[in-house]
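In: below are the sequence and a predicted model; questions follow.
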Amino acid sequence: MNRIACSAVLLVIALTFSSLVVAQVTDVYQLNYFSNSSGRVAGTAEIDQAVRIINPGEQGTPLSGKQGTVCADIYVFDDNQEMSECCACPITANGLLILSLNYDLNDNPLTGFPAPRDGVLKIVSDNGANCDPTSPVPTPDLRAWATHLQNPGGVLVTTETEFQAATLQQDELSFLGTACSFVQFLGSGKGTCECELPD
């Protein structure tokens, strides 16, 4: 093969690889945990945990309606690796969403009460025009933190950690959407988390 043909083949390979890299969406998937959840118990003073999610405004400005909105598709798993709730929460550009573990994310589990004491929280940053946890369209780039109740020596202590970024594979994306569809269908009102405290 002559040098021109070799160069042409290498150029085609490089262009193909670069288009694959450009097409891959990153900065869309984050993970954290919750532990020692007391759940919501009427008439008692439960200790709550919080999830804070911000939209840094990378997708546009808030100057016109829904411009720059990104949705946090949230998936709540119990410590048996079963999805218990899912929902989509829109966050406008430069917006902050604060969610209660007891009232928003762990108050309506598919299997009923008691709500999971320990589990995993997953967030997919979803296109604001889509905002559908059953069929996410990954769009960068939300940031999130969660408080935790630690129990060293029998005394509850609150800590806070940032959600950890992970690579979102197509299989995981499909699983999250499909599992959420089943949870919401089978739940008949159960299995859907909330984006804000009820009035």
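Out: Alright, I've got the coordinates. Values in this document were obtained by computation on a predicted structure and should not be read as measured data.
In: for the protein, which helix or strand comes out least confident on mean pLDDT?
Out: The helix or strand of the chain with the poorest confidence is helix 3-23; it has a mean of 42 (mean pLDDT, DSSP states H and E).
In: now for S37: which residues touch it?
Out: Q49, L101, N102, N106, A115, P116, R117, D118, G119, L149 (CB atoms under 8 Å, 6 or more residues apart in numbering). For glycine as for every other residue, the C-beta is placed from the backbone atoms N, C-alpha and C.
In: look up the pLDDT of the closest residue to it other than its chain neighbours for me, please.
Out: Nearest residue to S37, sequence neighbours excluded (CB to CB, 6 or more residues apart in numbering): R117, at 5.2 Å. R117 is assigned a predicted lDDT (pLDDT) of 77.
In: same deal with the one 10 residues further on?
Out: On the pLDDT scale, N127 is placed at 92.
In: against L121, how distant is it?
Out: Distance, N127 to L121, using CB to CB, to the nearest Å: 20 Å.
In: of the two, who's got more company?
Out: L121 (22 against 17; other CB atoms under 10 Å).
In: bridged to the more buried one, which residues?
Out: Beta-bridge partners for L121, by DSSP bridges, are N32, V76.
In: what residues are up against it?
Out: Counting by CB under 8 Å, 6+ apart, the residues that L121 touches are L31, N32, Y33, F34, V51, I74, Y75, V76, F77, L105, A146, F163.
In: quick one: the helices in the chain, in order.
Out: Under the criterion DSSP state H, helices of the chain are mapped to 3-23, 170-187.
In: V157 against I47, yeah?
Out: No: applying CB atoms under 8 Å, one finds V157 not in contact with I47, separated by 10.7 Å.
In: now the spatially most central residue of the chain. Nearest residue, chain neighbours left out?
Out: For the chain, the residue sitting closest to the mean C-alpha position, by CA atoms, centre = their mean, is I123 at 1.0 Å. Distance criterion CB to CB, 6+ apart; nearest residue to I123, sequence neighbours excluded, is Q30 at 4.7 Å.
In: next one, pLDDT for E162 please.
Out: For E162, pLDDT reads 95.
In: tell me the spacing between the closest residue to it other than its chain neighbours and N102.
Out: Nearest residue to E162, sequence neighbours excluded (CB to CB, 6+ apart): W145, at 5.2 Å. Distance of W145 to N102, given as CB to CB: 17 Å.
In: with neighbour count added, can I get the contacts of L121 in TSV?
Out: Shown next, in TSV, are these (neighbours: other CB atoms under 10 Å):
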residue	neighbour count
L31	15
N32	17
Y33	15
F34	25
V51	23
I74	27
Y75	25
V76	27
F77	21
L105	30
A146	23
F163	21
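In: between those residues, which sits nearest L96?
Out: V51 (11.2 Å; CB to CB).
In: ok now stretch 128-136, how far from the chain's centre?
Out: Its chain's C-alpha centre and that of stretch 128-136 lie 11 Å apart, by CA atoms, centre = their mean, to the nearest Å.
In: cool, thanks, signing off.
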